[in-house]
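Peer 1: Quick one, fold the following:
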Amino acid sequence: MSKIDGLPPAVDEPITEAAATEAELAVAPELVANSLSEYMRGAFARVRGGESGVLPVVAGLILISALFQSLNGNFLTSRNLVNLLIQSAAISLLAMGEVFALLLGEIDLSIGFVSGIGGIVTAELVKQSTGWPWWAAIIVALLVCAVIGAVQGTIITRLGLPSFVVTLAGFLGFQGVMLLILGNGGSVPINDKVVNDIASGNLTPAASWMVMLAVVAVFGLRTWRREGGRRASGLVAPPVSLTVLKIGAVLAAAVGVVLLCNADRGAVVPIRGMPWVVLVVLAVLAAWTLLLSRTKFGRYIYAIGGNAEAARRAGVRLARIRTMAFVLASFTAGIAGIVYASRLRSVSTALDGGTLVLYAVAAAVIGGTSLFGGRGKAIHAVLGGLVIAAIDNGMGLQGYSAAAKYVVTALVLLAAVTIDAVARRGRTTR
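Peer 2: Below you'll find the predicted structure:
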């Protein structure tokens, strides 16, 4: 090998076309792969590089399910699994709200008691003495929660105060507001059937099939048209086989959920059909997934979380986007509060907003959302919520104490944060 004075030595092994393709696949296999085998090769490359995605939490769910089923044969029964879906709904919704703050590298400690405010407003407005229709009560409750998020977000972004301090003040303040409204040891029952049915009601078996097949049809049509249009226009797009595989996987999951929910799970009288709350969670999941992945607002959220200064220099209005993120966090917390109140058929001072917010943060992180900002999805919150609910449910079946549940949840959270930190270090090195 020759060497010219003043210049560095030439590279002995230039980058080959195969190596370049491997690098591209490791960055975005779904965009540059021309076949399913190439996509799988790129996906494995991403996993080796630290981009494990939802694999850890999915593997964790499988292991948790297998463990508790081996200890108690009732864990994987239809009755318990549907109950698990209902148990996880409020935590998953709260975690989806927390994701908006975490994506910015911030945190919202107030959403536990903000959810309580949403439940209280709904319960107060649907009382017989007030006489509001259920839909109006829910709208007002969600607007109140959104205003709370706007106020907190404005203080954080306009005054430059740390989100930890502002939302901690909200945590304490809204707990006090709940005590002022309800009184010490007080509660407000919910007698409206529609509101109570949000968490306790079920679709008919036939309606469950129709709704889920309609959801799959909308997803499949939209996915096929979007990715087919990109291929027709000569733009980068996943291979056809991958598109078919994604639609087939969603269809299989939908069929499994409907079969599970339509099985008779009643102890005395037959109970069949999908719980309404499952559709609520799916609707919020779909809305926030589209918002984060298909809109300019979503791209700005990720840009700010990845590098706020670079986003500012690119023309992103940081204050407006960050404020809207806190508005959406509190709005989603309001939905969770209504679901929580619906399940208990009342709102009381026993609502533990501190535990709820900790579970929300834990669920988001366990699911795969990064504490460092810039990486996370709404689906991560749902999967993390299922993990926490599965631990609570399975250990309850075994008769373990609340202390043991907290310890196990803490260990799972530490494992998730460790995976996130290692993955982040791997991405930085790469």
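
Peer 1: now for the helix or strand containing residue 309, which elements pack on it?
Peer 2: If you go by DSSP states H and E, residue 309 is part of helix 308-313. Packing contacts for helix 308-313, counted by 3 or more CB pairs under 8 Å, 6 or more residues apart in numbering; DSSP states H and E, involve helix 296-306, helix 318-344. No exception for glycine: its C-beta is placed from N, CA and C like everyone else's.

Peer 1: give me that answer again for 6 Å
Peer 2: On a contact count with 3 or more CB pairs under 6 Å, 6 or more residues apart in numbering; DSSP states H and E, helix 308-313 meets no helix or strand.

Peer 1: chain center to it, what's the gap?
Peer 2: Distance of helix 308-313 from the chain centroid (CA atoms, centre = their mean, to the nearest Å) equals 26 Å.

Peer 1: cool, and stretch 140-147?
Peer 2: Mean-position distance between stretch 140-147 and its chain equals 20 Å (CA atoms, centre = their mean).

Peer 1: Buried residues, that stretch. List them.
Peer 2: 140, 141, 142, 144, 145, 146 (16 or more other CB atoms under 10 Å).

Peer 1: can you list the residues you listed in JSON lines and add pLDDT, distance to residue 313 and secondary structure?
Peer 2: Listed next are those as JSON lines, based on pLDDT from 0 to 100; distance: CB to CB, whole Å; DSSP: H, G, I helix; E, B strand; the rest coil:
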{"residue": "140", "pLDDT": "96", "distance to residue 313": "40", "secondary structure": "helix"}
{"residue": "141", "pLDDT": "96", "distance to residue 313": "39", "secondary structure": "helix"}
{"residue": "142", "pLDDT": "96", "distance to residue 313": "35", "secondary structure": "helix"}
{"residue": "144", "pLDDT": "96", "distance to residue 313": "36", "secondary structure": "helix"}
{"residue": "145", "pLDDT": "96", "distance to residue 313": "33", "secondary structure": "helix"}
{"residue": "146", "pLDDT": "97", "distance to residue 313": "30", "secondary structure": "helix"}
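
Peer 1: Using CSV, lay out those residues together with distance to residue 324.
Peer 2: Output for those, formatted as CSV (distance: CB to CB, whole Å):
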residue, distance to residue 324
140, 20
141, 19
142, 15
144, 17
145, 14
146, 10
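
Peer 1: Next, find the distance separating residue 268 from residue 261.
Peer 2: Using CB to CB, to the nearest Å, residue 268 is found at 19 Å from residue 261.

Peer 1: out of those two, which sits in the more crowded spot?
Peer 2: Taking other CB atoms under 10 Å, residue 268 and residue 261 do not tie; residue 261 has more neighbours (23 against 5).

Peer 1: Is that one inside a helix or a strand, and which specific one?
Peer 2: Using DSSP H and E, residue 261 maps to helix 240-262.

Peer 1: Which residues does that helix contact?
Peer 2: Helix 240-262 is contacted by residues 36, 39, 78, 81-82, 205, 208-209, 212, 216, 219-220, 227, 272, 274 when judged by CB atoms under 6 Å, 6 or more residues apart in numbering.

Peer 1: can you rerun that using 8 Å?
Peer 2: When contacts are defined by CB atoms under 8 Å, 6 or more residues apart in numbering, helix 240-262 is touched by residues 30, 33, 35-36, 39, 78, 81-82, 202, 205, 208-209, 212-213, 215-216, 219-220, 223-224, 227-228, 231, 238, 272-275, 278.

Peer 1: What residues sit buried inside it?
Peer 2: For helix 240-262, the neighbour count (16+ other CB under 10 Å) marks 242, 243, 246, 247, 250, 251, 254, 257, 258, 260, 261, 262 as buried.

Peer 1: ditto for stretch 293-307
Peer 2: Using 16+ other CB under 10 Å as the test for burial, stretch 293-307 gives 298, 300, 301, 302, 303, 304, 305.

Peer 1: what's around the residue lying closest to the first one once chain neighbours are set aside, how many residues?
Peer 2: Taking CB to CB, 6 or more residues apart in numbering, and ignoring the residues beside it in sequence, residue 298 has residue 292 as its nearest neighbour in space, at 3.8 Å. Using other CB under 10 Å, the number of residues around residue 292 comes to 20.

Peer 1: Helix, strand or coil: sort out residue 292 for me.
Peer 2: Using DSSP: H, G, I helix; E, B strand; the rest coil, the structure places residue 292 in helix.

Peer 1: What score does it have for pLDDT?
Peer 2: We note a pLDDT of 93 for residue 292 in this prediction.

Peer 1: what's the pLDDT at residue 429?
Peer 2: As predicted, residue 429 sits at a pLDDT of 60.

Peer 1: Make sure I have this right: residue 74 is in a helix.
Peer 2: No: judged by three-state DSSP, residue 74 forms no part of a helix; its state is coil.

Peer 1: quick one, what contacts it?
Peer 2: Taking CB under 8 Å, 6+ apart, we find residue 74 in contact with 80, 397.

Peer 1: secondary structure element for residue 347?
Peer 2: strand 346-348.

Peer 1: which residues touch the residue lying closest to residue 108 once chain neighbours are set aside?
Peer 2: In space, and not counting its chain neighbours, residue 108 is closest to residue 101: 4.2 Å by CB to CB, 6+ apart. By CB under 8 Å, 6+ apart, residue 101 lies in contact with 107, 108, 163, 325, 326, 329.

Peer 1: can you put the residues you listed in JSON lines and add neighbour count?
Peer 2: Converted to JSON lines, these look like this (neighbours: other CB atoms under 10 Å):
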{"residue": "107", "neighbour count": "19"}
{"residue": "108", "neighbour count": "33"}
{"residue": "163", "neighbour count": "23"}
{"residue": "325", "neighbour count": "28"}
{"residue": "326", "neighbour count": "32"}
{"residue": "329", "neighbour count": "33"}
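
Peer 1: okay, those residues in JSON lines with pLDDT next?
Peer 2: Shown next, in JSON lines, are the contacts of residue 101 (pLDDT from 0 to 100):
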{"residue": "107", "pLDDT": "93"}
{"residue": "108", "pLDDT": "94"}
{"residue": "163", "pLDDT": "93"}
{"residue": "325", "pLDDT": "95"}
{"residue": "326", "pLDDT": "96"}
{"residue": "329", "pLDDT": "96"}
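
Peer 1: Identify the farthest-apart pair in those residues.
Peer 2: Distance extremes for the contacts of residue 101: the farthest pair is 107 and 325 at 11.5 Å, using CB to CB.

Peer 1: re the thing from before, I'd like to know which elements the strand holding residue 347 is packed against.
Peer 2: If you count contacts as 3+ CB pairs under 8 Å, 6+ apart, strand 346-348 packs onto helix 111-125, strand 187-189.
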